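prediction below, plus the sequence it came from.
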Amino acid sequence: MISLDGSLFIQIINFLFLIWALNVILYKPIRNILIQRKGKITGLEQNIDACNSDMKEKDDAFTSGLKEARANGTKEKEALVQTATDEEKMIIEEINQKAQSDLAEVREKVAKDAESVRASLLKELDDIAIAISQKILGRAF
């Protein structure tokens with residue numbers, strides 16, 4: 001049988017002292033460290049979320065800037081191509097006009113040369129006809 005005497009009270013006091021001592025020496029510092037760790041983790045998670053949102057905003061800004069730059073580049077390219085096409089047409093038109101004028105000059109020169117040759121041949125025609133007939137007939141006129 002268990003007897004209830006003074007040692008029971010001493011054991012209760014000993015148990016309460018042990019709980020208090022363990023709480024002060026062991027449990028409180030561990031709980032403080034866990035609270036600090038939780039605070040750091042929460043702070044780091046908030047920093048991660050802020051960095052992720054900042055990264056997403058910068059990525060979106062970069063993507064939109066890249067699209068805008070490509071669109072501007074395409075517009076500038078089309079403008080340059082159009083300018084080059086217009087300039088090419090103008091140069092070709094100038095070349096055609098010059099070729100037409102040169103062709104007209106050459107035709108005019110050929111016509112003048114043909115006319116001068118025709119005139120000189122007409123002058124020599126009588127002499128040539130007489131020479132041919134003398135050779136054919138074998139006698140002089």
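Cool, the structure landed. Numbering: from 1, shown residues only.

give me the most central residue, this protein.
For the chain, the residue sitting closest to the mean C-alpha position, by Cα atoms, centre = their mean, is residue 70 at 5.1 Å.

please, which helix or strand holds it?
Using DSSP states H and E, residue 70 sits in helix 28-137.

now do that helix, average pLDDT.
Averaging pLDDT along helix 28-137 gives 93.

from residue 64, how far out is the residue nearest to the centre of the chain?
11 Å (Cβ to Cβ, to the nearest Å). Just so you know, the C-beta spots here come from the backbone N, C-alpha and C atoms, and that holds for glycine as well.

repeat that for residue 4.
Residue 4 is 83 Å from residue 64, by Cβ to Cβ.

do the same with residue 119
Distance from residue 119 to residue 64, by Cβ to Cβ: 82 Å.

same thing with residue 74?
Residue 74 is 16 Å from residue 64, by Cβ to Cβ.

I'd like to know how many residues surround residue 100.
10 (other Cβ atoms under 10 Å).

how far off centre is the helix or strand containing residue 18?
Using DSSP H and E, the element containing residue 18 is helix 6-22. The chain centroid and the centroid of helix 6-22 are separated by 81 Å under Cα atoms, centre = their mean, to the nearest Å.

check which helices and strands it sits against.
Applying 3 or more Cβ pairs under 8 Å, 6 or more residues apart in numbering; DSSP states H and E, one finds that helix 6-22 contacts no other helix or strand.

list the contacts of residue 128.
By Cβ atoms under 8 Å, 6 or more residues apart in numbering, no residues touch residue 128.

need the pLDDT of residue 141.
59.

whoops, I mixed them up, residue 2
At residue 2, pLDDT is 67.
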